[in-house]
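> My questions are about this predicted structure, shown below with the sequence.
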Amino acid sequence: MDIAPNPRPHSLKRIAMRSLLGGFAAAAIAGLGFQSLAGAQGFAGFNANQPIDFAADRIELQDRQDRVVLSGDVVFTQGNLRLTAGRTTVSYSNEERLQIQRIDATGGVTVTRGGEQASGAAGIYDFNRRVIILSGGVTLKRDGDTLNGGRLVIDLRSGVASVDGRGSTPSGESAGGRVTGTFSVPEDE
């Protein structure tokens, strides 16, 4: 009994390969657009070794836990980088001198530098890894361009930023696991 080979596995492989290549192409296009949005003029080339200034309505030193809690219109500035939030917890090491390790922020977190503004419901600034992570209805704006997603990671060493679509948009609508946005185009003369 001769059994003809089933053509389905071959076509499924072809479909899977096309889907995979299409996904890579879409990611590359999104990455190129986002690279321009989060590129050299914004967070790239930032000197994360600069001292941090802060202001808040209230401060509570929790010395045994090596942390400080700031609340009420909290503002941190480091060079031309500015982080604002409703409440923050600053973790520090207390070896030879106090050194900030991490800032955990909640309550309308906004990070600005130059012409870029990133915002989300919560944020982390990890000084050891030199990254800022925003989550919860994240928006990144630069000039007329906007990206929305669930999570934003800014690598301050390289200036590369990435957005994950999981979560919700700033308006509270489901992003469906996708990154959304608007890119401006040159005006026709």
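Good, I have the coordinates.

> Mind pulling the model confidence for Ile59?
Here, the pLDDT recorded for Ile59 equals 96.

> Correction: the previous question concerned Gln50.
At Gln50, pLDDT is 89.

> three-state assignment of it?
coil (DSSP: H, G, I helix; E, B strand; the rest coil).

> Chain neighbours aside, what residue packs nearest to it?
Nearest residue to Gln50, sequence neighbours excluded (CB to CB, 6 or more residues apart in numbering): Gly79, at 4.5 Å. (Glycine included, C-beta is placed from N, CA and C.)

> again with Val90
Nearest residue to Val90, sequence neighbours excluded (CB to CB, 6+ apart): Val68, at 4.5 Å.

> Quickly find the element holding the residue nearest the centre of the chain.
Nearest to the mean C-alpha position of the chain, by CA atoms, centre = their mean, lies Leu152 at 2.0 Å. Using DSSP states H and E, Leu152 sits in strand 145-155.

> Which elements pack onto that strand?
helix 7-37, strand 116-126, strand 131-142, strand 161-164, strand 180-182 (3 or more CB pairs under 8 Å, 6 or more residues apart in numbering; DSSP states H and E).

> Arg58 bridge partners, please.
Ser71 (DSSP bridges).

> Tell me, how many residues neighbour it?
11 (other CB atoms under 10 Å).

> What separation is there between it and Gly86?
In this structure, Arg58 and Gly86 are 11 Å apart, going by CB to CB, to the nearest Å.

> what touches both of the two?
Ser71, Gly72 (CB atoms under 8 Å, 6 or more residues apart in numbering).

> got the contact list for Gln78?
With CB under 8 Å, 6+ apart, Gln78 has these contacts: Ala48, Gln50, Pro51, Ile52, Asp53.

> In contact with the third one, which residues are there?
By that I understand Pro51. Gln78.

> pull the longest strand from this protein.
strand 98-113 (DSSP state E).

> Buried ones in that one, by neighbour count?
Across strand 98-113, burial judged by 16 or more other CB atoms under 10 Å covers Ile100, Ile103, Asp104, Ala105, Thr106, Gly107, Val109, Thr110, Val111, Thr112, Arg113.

> thought the third one was touching Ile133?
No - between Asp104 and Ile133 there is no contact under CB atoms under 8 Å: 10.0 Å.

> Need the residues touching each of those two.
Counting by CB under 8 Å, 6+ apart, the residues touching both Asp104 and Ile133 are Gly123, Ile124.

> Beta-bridge partners for the closest residue to Leu81 other than its chain neighbours, please?
Nearest residue to Leu81, sequence neighbours excluded (CB to CB, 6+ apart): Arg113, at 4.6 Å. Arg113 has these beta-bridge partners by DSSP bridges: Leu81, Glu116.

> these two touch, right, Arg113 and Thr77?
No - Arg113 is beyond contact range of Thr77, at 10.3 Å (criterion: CB under 8 Å).
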